[in-house]
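1. A predicted structure for the sequence below; I have some questions about it.
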Amino acid sequence: MSRYILKSLAAVGLALGLGAPSSAQDAAPDPADWKAVKQAAEGQTVYWHAWGGSNAINDYIRWAGDRLAERHGVTVEHVKLKDTADAVSRVIAEKSAGKDQDGSVDLIWINGENFAAMKEKGLLFGPWAEDVPNWKYVDVEGKPAVTSDFTVPTDGLEAPWGMAQIIFYHDTAHLTDPPRSIPEILEWAKANPGRFAYPQPPDFVGSTFLKQAVIELAPNPDVLQQPVNETAYVTATEPLWQYLDELTPNLWRSGAAYPQSSTRLIQLMADGEIDLALSIELNAPSNAIANYELPDTVRSYVLDGGTIGNASFVAIPYNANAKAGAMVLANFLMSPEAQARKQDPAVWGSGTVLAMDKLDPKDRARFDAIELGVATLTPAELGEALPEPHPSWMVRLEQDWTARYGVGQ
Amino acid sequence: MPENTAFPPGLRFEGVTISLDDTRLIALDCNVDPGEVLTVMGPSGSGKSTLLAAITGTLPPAFRLTGRIRLDGQDLAGLPTEARQVGILFQDEYLFPHLSVGANLAFGLKPALKGRAARRDRVEAALDEVGLSGFADRDPATLSGGQRARVALQRTLLSEPRALLLDEAFSRLDTGLRQQTRALVFEVARRRALPVLQVTHDHSDAEAAGGPVHCMGQLATRN
Amino acid sequence: MGTAPVTTVRMAGRRPRRARFLPWAPLVTLVVMLGPVLAGILGTLAPAFGYMPALQGTGLSLDPLRALLEWPGLSRAVMLSLGVGLGATAISLAIVTLICAGWAGTRSFTMIERLLSPLLSVPHAAAAFGLAFLIAPSGWLSRGLSPWVTGWTRPPDLLILQDPAGLSLIFGLVTKEVPFLLLMTLAALTQVRPASSLRVAQCLGYARITGWLKTVFPLVYRQIRLPVFAVLAFSMSVVDVAIILGPNTPPTLAVQVVRWMNDPDLALRFQAAAGAVLQLGLVLFGIGLWRLAEIVAGRLGKIWVSTGGRGWRGPDQVIRGAALILGATAALAVIAGLAGQVIWSFAGLWQFPDLLPDGFTWRNWNRYGAQLAGPAGETLIIAGAATGLALLLTLACLEAEHRHGLRPATRALWLLYLPLIVPQVAFLTGFQTLSIGAGLDGGRMAVIAAHLVFVLPYVFLSLADPWRVWDAKHDTTARALGAGPDRVLWMVRLPMLLRPVLIATAVGFAVSVGQYLPTLLVGAGRVPTLTTEAVALASGGDRRVTGVYALAQTAAALAPFALALVLPRLLWRNRKGLLHA
């Protein structure tokens, strides 16, 4: 309601020539009037830019698109990205060319640095996410990550649609008792050189491994929740560099080459090149087993002190062509139906953003019926996720990592 | 269809010269009457073929042509090759390898003759004339040298030329076949009253033609 | 198209009757081909010097350049790009030269020629995927020898793939560049009549390879210099192959530029643009170095020729054999790589050191096969349209040349190679911004236009020679029979040149199918082709999916070649005169 008043005030301001919001925003439907949004959405085509490297996820997105076509007359086109930044580049290129309307990106699967960057440059439409109907099911209290994206407030500019948490996995046929903390990983790697790898930062999982290590190794991890400053950074990361200096020679290929993504780690384990790997997808090992990518002796676990978790979101660019359709899609993605399907390991196995106690019994039953895969952890086994550091830490960590380990010695 | 009746019919060269850079290759001023054969002789490289190219209108841009060439009184300058109605036979027959013998002949036949049956009959008749009945569906690559020469001749005649040019047309045939083919070509040309210009380096061709002979030496003159 | 209008000379006695489009064809072709390249370079230069209003870059500054120079990996990345480019080019050229020197005119050589087109049409990415699985420590070769030879039950931790020196990348590039250079050399050989020179040399007592190198090579090299430059530029700036086979600590400059382009930190876009400009400079520098080496080699060569050394038969035979083995290794690597992909696409669980999977399944094809339809259709439409347009423009240029004497100046041939020499990263991002400005972006049309830039040179290069060597007396004969130039074109010249036209079409098709960056950037990701899907899925790492898509991609590129070989045989089965052409 208060947002509605603010908008009205903005409209008055515009009439008085006080502000100059882009014309695209005026044309956009107001999420508070959901009926109008649904009407406007009908017949629209939503170009959803989302990472396309996982078959399970691609299948899920296709399923969601089919539902939308059936129920709302919205066509969903999945634009398969190699990297989320491709979509960000796209919006930037459009802004450069003065294309402030009818942009080619309607919805982006996004979080962390990409979100922070787009928010800062004013490249996002909204706020809208907290006004769509299914927002009421979202576990705002229990999962602070849904409104604080790497500590950056989402401000309704993006809608959460999945929870992710770092998990480690290993083939029990070769490794029965895996290391359970960052220091233990080093000890284990020294005893088993060449059998552990993490993806090369700035790959997301690779960077998250660095953050996980910093949280465990830093004298005072609380500083990570604040934007980075020089003295705090030096103190907090000194143990990390010391740790990595010892770990790197014992990594796969002695750290002279790195896997480029976390899914590549699955292939490396399947090839027998490594014995320990990590992923941000809870269900990645189970999925891989189901697809013959890994043997069924693989199991996953989290470190004893907990691992970093975050939410992932969908956002609408400021110049999107089908804003109404994108909102309808985002709303559907937050529905109990879509969220329950997403959590099913047979489909995808990603964590839900909804609060079980906010659902009615019928919807709760959908979640209870889900069977977890052999290599998927239960919420209890996962434990509470550690919060993501502020994105500015990630930027610094990635830069320094690259200078120290990423460009040869 | 002479456009100017002041000129006699036939192929007429009025002060024609062809030069390359500053070297004059040919100078010709004469008339080839209908049914007459003018033989231009000279060693290879003397520029005989450029004279034919000047008549067909395919002279490469490096050459400079002055004077006038008239066919039945009409100035050929500026006319595209296909409008000159000049038939030409080369040493190779240039039968189109992708077309059957019949289709090669039909290619020469004027579009004015309408109707599939009529055209086919005309082609058959042309083959009959040279003793190649039933060859219409044959692949030209399967014909003998003499047969190919006759097909090429008939194809040219079907296009109803007003003059016939022979570019070493018989030099690839062996002696017996050569006399036969030569006789056939000159006989047809005489019967149809076509002015013929042949270029050759072989005296027997000139003798068989019986007409005037223009000899080109390598005495190219500087101008 | 190299036909600079400067040389316009009208053929004596010929009147251009249909002077509507044909005389303009060379100019239109030039604009279509070079316009995007030049505009794209400008669009890249601006942000390299700090101008990009969307990111609050409104003034000119050297900051992006400074940031680039401060990147700690720069010198290594630059050296790597240079080393890989020069290495891959020198090795490819050496293999091609020695194969031609040792085998031209023999029966083995005819066999090599047959293999060429299919090898050439295998998309780079597909070949690289195959190669990666072949040579990795846990790859197919290692599996074939383990454990019975090597004793390995688990793969060794050896740095074979993605080695910091870029050796595996060089190997991958050589496998694809040898067929290309060989094809270009074959075309050059038809013009310089090597057999007689070689016979003369051999009669004078020269060993075969020595004789060839001394008499034929200097002539051939002059003809293939531009293709060699194209190979050099490509090897220095390739992205997809370098991602798959190249090192990553640091990667080559071109890969790093794409990484910056993709970084969430938007400020890096400026640095990326500066890197792209550096990449362009680096390619020019590489070509300069090569040119220098050419001059030195030329001097040394002259001295070598004048010594009159005949060479020795023994070493000559050894080199001959070695050249054949090297060439065959390159070809076999690509073929075996593809075979590996075929098996992966049917594989169940497949662990080291098993030579074959535990089980075979249709599951992968069932699951992904249906999804292939959309991208496959898009690929065919784009490749068809781009190739069709390229063919039309090429034929128009060649006809303009034939009818109006619009002969290209030899030096204008450079222009044809420009899109092949300017690195893609250096102009595609600029071109993307441009096409958005023109309202063309994100659509099939824009992608077709971008593909045309790369398809045109290849179509022109493969068609120009056969078109020009066609005996013009066929034309004179047909015209003398009363046929106008159009009728001659459609009824005589095109049917007679059906095979080269089809092969040029197949080449254009294969080039279009293989395009990754242009499709992704200009298509705004909305135009999914087999190649963009394959590379996106490859980021997921599952070789089964990659296998399915890479094979579909290869099939799309190979099918037109098969058609180009089979169709003339069918159509001309009763026309002996055209069968052996």
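-> Now that the structure is in, tell me what you want to look at.
2. Quick check: buried residues in stretch B:129-148?
-> For stretch B:129-148, burial by neighbour count (16 or more other Cβ atoms under 10 Å in any protein chain shown) applies to B:Val130, B:Leu132, B:Phe135, B:Ala136, B:Arg138, B:Asp139, B:Pro140, B:Leu143, B:Gly146, B:Gln147, B:Arg148. All C-beta spots, glycine's among them, are computed from the backbone N, C-alpha and C.
3. From those residues, which land in helices?
-> Assigned to helices by DSSP state H, the following of the buried residues of stretch B:129-148 qualify: B:Gly146, B:Gln147, B:Arg148.
4. Could you export these as CSV, including distance to chain A?
-> As requested, those are exported to CSV (distance: Cβ to the nearest Cβ, whole Å):
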residue, distance to chain A
B:Gly146, 68
B:Gln147, 64
B:Arg148, 61
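5. What is the nearest of these to C:Ala328?
-> Comparing those against C:Ala328 with Cβ to Cβ picks out B:Arg148 as the nearest, at 43.9 Å.
6. close to chain A, is the helix or strand containing C:Ile382?
-> Using DSSP states H and E, C:Ile382 falls within helix C:363-404. Yes - judged by Cβ under 8 Å from any Cβ of the partner chain, helix C:363-404 comes into contact with chain A through C:Arg367, C:Tyr368, C:Gln371.
7. how far away is C:Val192 from C:Trp414?
-> Using Cβ to Cβ, to the nearest Å, C:Val192 is found at 21 Å from C:Trp414.
8. what's the answer for C:Met445, then?
-> Distance of C:Met445 to C:Trp414, given as Cβ to Cβ: 28 Å.
9. If you count residues, where's the longest helix of chain B?
-> helix B:175-191.
10. which one is the closest residue to chain B within chain C nearest to, not counting chain neighbours?
-> For chain C and chain B, the shortest gap (Cβ to the nearest Cβ) falls at C:Gly577, measuring 3.0 Å. Excluding the flanking residues, the one nearest C:Gly577 by Cβ to Cβ, 6 or more residues apart in numbering or on different chains is B:Pro97, at 3.0 Å.
11. Tell me the confidence at the one you found?
-> pLDDT for B:Pro97: 92.
12. So it lies in a strand, does it not?
-> No - B:Pro97 sits outside any strand when classified using DSSP: H, G, I helix; E, B strand; the rest coil, being coil.
13. All the strands of chain B, residue numbers only.
-> Ranges of strands within chain B are B:11-20, B:23-32, B:37-41, B:63-71, B:74-75, B:86-90, B:163-167, B:196-200, B:213-215, B:221-222, based on DSSP state E.
14. neighbouring contacts of the first one?
-> Contacts made with strand B:11-20 from outside it, assessed by Cβ atoms under 8 Å, 6 or more residues apart in numbering or on different chains, are listed as B:24-32, B:38, B:47, B:50-51, B:54-55, B:59, B:62-71, B:73, B:163, B:195, B:197, B:223.
15. beta partners of the most centrally placed residue in chain B?
-> Geometric centre of chain B, nearest residue: B:Leu165, 2.1 Å, by Cα atoms, centre = their mean. Beta bridges link B:Leu165 to B:Ile88, B:Leu197 when assigned by DSSP bridges.
16. residues touching it, list them.
-> By Cβ under 8 Å, 6+ apart, the contact set of B:Leu165 is B:Leu52, B:Ile55, B:Thr56, B:Val86, B:Gly87, B:Ile88, B:Leu89, B:Val196, B:Leu197, B:Gln198, C:Ala480.
17. please redo it, this time with the cut-off set to 6 Å
-> With contact set as Cβ atoms under 6 Å, 6 or more residues apart in numbering or on different chains, B:Leu165 has these partners: B:Leu52, B:Ile88, B:Leu197.
18. ok but C:Tyr206 is inside a helix, no?
-> No - going by three-state DSSP, the assignment for C:Tyr206 is coil, not a helix.
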